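J.: Provide a 3D model corresponding to the input given below.
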Amino acid sequence: MSRARQPPLVTGISPKEGAAWTKVTIRGENLGTGPADLIGLSICGHNCLLTAEWMSASKIVCRVGPAKDDKGEINVTTKSGGLGTSTVSFKLLRPERIGILDQSAVWVDEMNYYDMRTDRNKGISPLSLRPSNPLGIELDKGKIPQKDMELTFPGMSGDFTSENFSATWYLIENHSGSSFEQLKMAASNLKKQATKKNEGSLAYVKGGLSTFFEAQDALAAIHQRLESDGTERVEGSMTQRLENILNRASDTADTLFQEVLGRKDKADSTRNALNVLQRFKFLFNLPLNIERNIQKGDYDVVINDYEKAKSLFGNTEVPVFKKVYAEVETRIEALRELLLDKLQTVPSTLHDQKRYIRYLSDLHAEGDPAWQCILAQHKWILKLMQNCRDEFISGQRVGVGAHGPEGDTRPSALGRLGHTASLNRGGSLRTPRPSTWRFETPQQVQFVEKLSDVVIGQLPNFWKLWISYVNGSLFSETGEKSGQVEKSKKNARQRQNDFKRMIEEMTNRLVKLIRGALLPTTLPQAELSVCGGWENKTELTGAWLTQIIHTVRACHEALSALEIPNDLLQVIQDLLLELRVHCLMVTLLHTTDDVKRLAEKEDWVVDNEGITSLPSQFEQCMVQMLQSLKEPLEIKPGEINVLQLDQVQDQATELSVSIMKVFINSLEQLSTKTDGDINAAHNISVDLSSPDRFPGIQEGFSPTSEQRLLIILSNCHYLEKRTFLNLADHFEKNGLTGTEKITRVSVDAVRQLDRNLFEAYIEKRADPIAGSLEPGIYAGYFDWRDCQTPTGVRNYLKEALVNIITVHAEVFTVSKDLVPRVLSKIVESVADEMCRLMQCVSSFSKNGALQARLELCALRDAVAAFLNAESNTSFKLALDALPQLHSGADKKLLEELLNKFKSSMQLQLTCFQPSCVQPLKR
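T.: Alright, predicted model coming up:
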């Protein structure tokens, strides 16, 4: 017969070791198609087929016999697959034999064993006694594959000993070709077998009736004889002797087996105790396991074990269990205290806080651990903020402002601009800084940044903890099932106002601490002792205030991102508004100081338009100030335009006007500066000998007081025409209001200064020239009524012209644009003086009239390019005061003398030509 199946394969046995007659379960593959297919089973070389019980193709149950080998394989043999193999082995344990009087630690139970030496099937599994053909008819095996049968009858079996036995499967498999008559005969055979089985026990009783009757008769005879003799209690009677024998036998047995039985009772008690310990070892080991897991931090394991113990032994009435469970409760209570202490210990991460709250909720801790944690965090954050201020006030922080040569810690306008430009607006709160930053930054700035770091680092986790408390996400599934989530949500709704007050307290503390450092006058006197104390610290500039505004804005943005209600953050917005206003005012005030110091930088070096670098430096300083105010004046979401506030607008306008006036006053002070460090002014008459005395002004030049007046006049003109207009545009671009007023006041002030300086210069230059005319006219006792025929223009007039030329050279050297204005005023003064002198003469001779007309015409024609209406009027009045020339010879002589004068003075008078006074084009 060919093998249609694979050989058996044993892959497992349980248990893997044991003494003889140990019941084992064998598992594997292809272990037979049925009980009849199993024809061989050996363990450690011992045949175990008699005790084998085939359960399925993958499972066999049997008992291990007393094999010779201590360890060996498990071999299964089937009809369909032949001899199989094994991947596991079994170890046979050989216990020492214990006699009835030998001491033993445990009691050895007597067990039924199988005597393999007899032919009696004592203890053999009834499965091995099953009939091979229960129907009693000829078998007719079908050819239907086993797999098809399994698919047709899922979960069933054709083995009539199986719990899932299917008669249809059995008939198809073994009697598919049997006739109907044969099947009827099979049914009759089954009925006979059932009847015979029922009659088996009754037949046994019937067969032993005679024995029972004989025993009963013997007992009845004994009883009758005892009654007839009447000697049941007579000494020496058979009954008494029998009783004595039985008593002695009992005493002997007690003597022999009392110790053994005592050990048996003790062994039974020990075994029962061990069984209890083994069965409930989880509970007995739980206190120690809890202690160990707590030390390791495995709180989840502790909680799981506690929940299991609570469900099993929470309501037990067994004293020993109650005692152990009480010890467990003691350890758990200690764990609750430990977790609560850890929960309230600061600092701690949000993750740890959530873990401890979940643990405490799973342990059913009293109170509300989550709220206790929120309270502890609130107090700790407030303490951190206060400690931050106390550290800086007590001087424990290193940051000390770096002082300049004169003790001024404020950077210059250029320095402030550079610092402001380095502020990375919109970026992170912390930007890379040089290693010396801590030693250069004022303590107030360091304090605000440190305080903001505390708030940004702690308040978000505090808010997230509250959100988790509100939505119930702090609890595990156990907490959800026990209703703790709903309880937590209810508590959160009741405590919303309390938490809101906590947030308000923290934001108010933040604002008050910053106010104490920067705006102490805005705090009540009672709070200055807690939040103030910065009186001796460095005064901050606008650039540092800008950095503080940037820091506070970053803090506000970080808190707004947490979706904290705006009403809770309004105090920060109010602080920002005041800081922005304060920064604006401080910047304007400090710019005023910077503008004052600009006069010290005047080098008196002019360009070809007569302008020094001072107006440009002033404009640059103002532009830098406006640029430094760009971030404070910027309007972030939720902020208002500080320049729309009437009071702020008025103050900013007044301060801006003040800056303009301060600069104009600086110019006025420069004009009146003493010449202590300047060389003595050159005499004008001496300078006439060489035009080279008036070179272009170079570096290191020390101007005279008159030259300073001219330079400042030129600067004033530039301020009015260029600088103030440019600054007005910058003011408007940066949103500053009041530009018209600032420009109007500035222009009026500079015009007033221009008039004053111009009058001062004209007074210094025109008066000496005009004053020299009268002495020159009457030098040598000259008399208009008695003079000789004119031969030319006298020297006094030439000297006056040379002095005018000197003024022209002086003005032209500084600013070409000032020449017409200055010369016109000089000529006006000289013309007025000549008019006065002519009108004062009582009478002229003919030659005197001719001489006077010659000199007036020569002077008028020489300075014709600078004549104005007033000077023309003066010359006309002066000529009208002279007698008219009626002789043609006199007129001809006058013309000849005028031409002679112009010819001799042609070189000197060239500077008065119109082409020479036009400003040069850049």
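J.: which residues in the stretch 51-200 of the chain form helices?
T.: 146-152, 167-174, 180-207 (DSSP state H, counting those that start in this stretch).
J.: would you mind finding the most buried of these?
T.: helix 167-174 (a mean of 16; mean count of other C-beta atoms under 10 Å). For glycine as for every other residue, the C-beta is placed from the backbone atoms N, C-alpha and C.
J.: off-centre distance for it?
T.: 77 Å (C-alpha atoms, centre = their mean, to the nearest Å).
J.: for stretch 446-461, same thing?
T.: Taking mean C-alpha positions (C-alpha atoms, centre = their mean), stretch 446-461 and its chain are 11 Å apart.
J.: and stretch 42-62, by the same measure?
T.: With C-alpha atoms, centre = their mean, you get 70 Å for stretch 42-62.
J.: average pLDDT across it?
T.: Mean pLDDT, computed over stretch 42-62, is 90.
J.: what's the end-to-end length of that stretch?
T.: Chord length of stretch 42-62, first to last residue, is 10 Å (C-alpha to C-alpha, to the nearest Å).
J.: relative to the whole chain's centre, how far out is stretch 374-390?
T.: 19 Å.
J.: now do the buried residues in that stretch.
T.: For stretch 374-390, the buried set under the neighbour-count rule, 16 or more other C-beta atoms under 10 Å, comprises 374, 376-378, 380-381, 384-385, 388-389.
J.: ok, stretch 633-643 next?
T.: Using 16+ other C-beta under 10 Å as the test for burial, stretch 633-643 gives 633, 642-643.
J.: who's in contact with it?
T.: Outside of stretch 633-643, the residues within contact range by C-beta atoms under 8 Å, 6 or more residues apart in numbering are 425, 553, 560, 566, 573, 576-577, 580-581, 584, 632, 648-649, 652, 734-737.
J.: now swap in stretch 171-178 and tell me
T.: So stretch 171-178 is contacted by 135, 137-142, 144, 149, 158, 182-183, 186 (C-beta under 8 Å, 6+ apart).
J.: shaky segments in the stretch 551-700 of the chain?
T.: The stretch 551-700 of the chain contains residues with pLDDT under 70 at 674-700.
J.: related to what we said a few turns ago, so which of the contacts of stretch 633-643 sit within helices?
T.: Those of those mapping onto helices are 553, 560, 566, 573, 576-577, 580-581, 584, 632, 648-649, 652, per DSSP state H.
J.: going by neighbour count, which of those residues comes out on top?
T.: Arg580 (28 neighbours; other C-beta atoms under 10 Å).
J.: need the contact list for Ser671.
T.: Contacts of Ser671 (C-beta under 8 Å, 6+ apart): 705, 708-709, 712, 757, 760.
J.: swap that for Leu568, sorry
T.: Here Leu568 is in contact with 500, 503-504, 507 (C-beta under 8 Å, 6+ apart).
J.: now the helices for the stretch 651-800 of the chain?
T.: Counting by DSSP H, counting those that start in this stretch, one finds helices in the stretch 651-800 of the chain at the ranges 684-687, 705-718, 724-733, 739-771, 773-777, 795-814.
J.: average pLDDT across the longest helix along the chain?
T.: Looking across the chain with DSSP H, the single longest helix is helix 238-279. Helix 238-279 comes out with an average pLDDT of 78.
J.: tell me the gap between that helix and the middle of its chain.
T.: 81 Å.
J.: how about stretch 825-840?
T.: Here stretch 825-840 shows a centroid-to-chain-centroid distance of 84 Å under the convention C-alpha atoms, centre = their mean.
J.: below-threshold pLDDT in the stretch 801-922 of the chain: ranges please.
T.: Across the stretch 801-922 of the chain, the ranges flagged by pLDDT under 70 are 914-922.
J.: can we see that at 50?
T.: Scanning the stretch 801-922 of the chain for pLDDT under 50 picks out the ranges 916-922.
J.: so for Ala526, which of the helices of the stretch 51-200 of the chain sits nearest?
T.: Taking C-beta to C-beta, helix 146-152 is the member of those nearest to Ala526, at 93.4 Å.
J.: re earlier: secondary structure, pLDDT and distance to Glu163 added to the buried residues of stretch 374-390, as CSV?
T.: What follows is the buried residues of stretch 374-390, written out as CSV (DSSP: H, G, I helix; E, B strand; the rest coil; pLDDT from 0 to 100; distance: C-beta to C-beta, whole Å):
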residue, secondary structure, pLDDT, distance to Glu163
Ile374, helix, 88, 62
Ala376, helix, 89, 64
Gln377, helix, 87, 65
His378, helix, 87, 68
Trp380, helix, 89, 69
Ile381, helix, 89, 71
Leu384, helix, 88, 73
Met385, helix, 86, 77
Cys388, helix, 86, 79
Arg389, helix, 84, 84
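J.: now the residues you listed as CSV including distance to Ile742?
T.: Below are these laid out as CSV (distance: C-beta to C-beta, whole Å):
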residue, distance to Ile742
Ile374, 54
Ala376, 56
Gln377, 52
His378, 50
Trp380, 51
Ile381, 47
Leu384, 46
Met385, 42
Cys388, 42
Arg389, 40
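J.: who are the contact partners of Arg27?
T.: Arg27 makes contact with 10-14, 58-59, according to C-beta under 8 Å, 6+ apart.
J.: can you rerun that using 10 Å?
T.: Each residue near Arg27 by C-beta atoms under 10 Å, 6 or more residues apart in numbering is listed here: 10-14, 55-56, 58-60, 88.
J.: what about the strands in the stretch 1-150 of the chain?
T.: 9-14, 17-18, 23-29, 38-43, 46-47, 53-56, 59-63, 71-78, 82-83, 85-86, 89-92 (DSSP state E, counting those that start in this stretch).
J.: so for the third one, what's the average pLDDT?
T.: In this model, strand 23-29 has a mean pLDDT of 93.
J.: from the contacts of Leu568, pick the one nearest Ala67.
T.: Relative to Ala67, the closest of the contacts of Leu568 is Ile503; by C-beta to C-beta it sits at 81.4 Å.
J.: what about the nearest residue to the closest one once chain neighbours are set aside, helix or strand, and which?
T.: Using C-beta to C-beta, 6 or more residues apart in numbering and skipping the chain neighbours, the partner closest in space to Ile503 is Leu568 (4.9 Å). For Leu568, the host element (DSSP states H and E) is helix 566-598.
J.: can you pull the buried residues of the helix or strand following that helix?
T.: Using DSSP H and E, the helix or strand that follows helix 566-598 towards the C-terminus is helix 614-628. Using 16+ other C-beta under 10 Å as the test for burial, helix 614-628 gives 614-615, 617-619, 621-626, 628.
J.: three-state assignment of Pro637?
T.: coil (DSSP: H, G, I helix; E, B strand; the rest coil).
J.: over to Ile222?
T.: helix.
J.: what about it, neighbour count?
T.: Residues near Ile222, counting by other C-beta under 10 Å, number 12.
J.: contacting residues around Glu855?
T.: 773, 777, 790, 792-794, 796-798, 800, 834, 838, 878, 897, 901.
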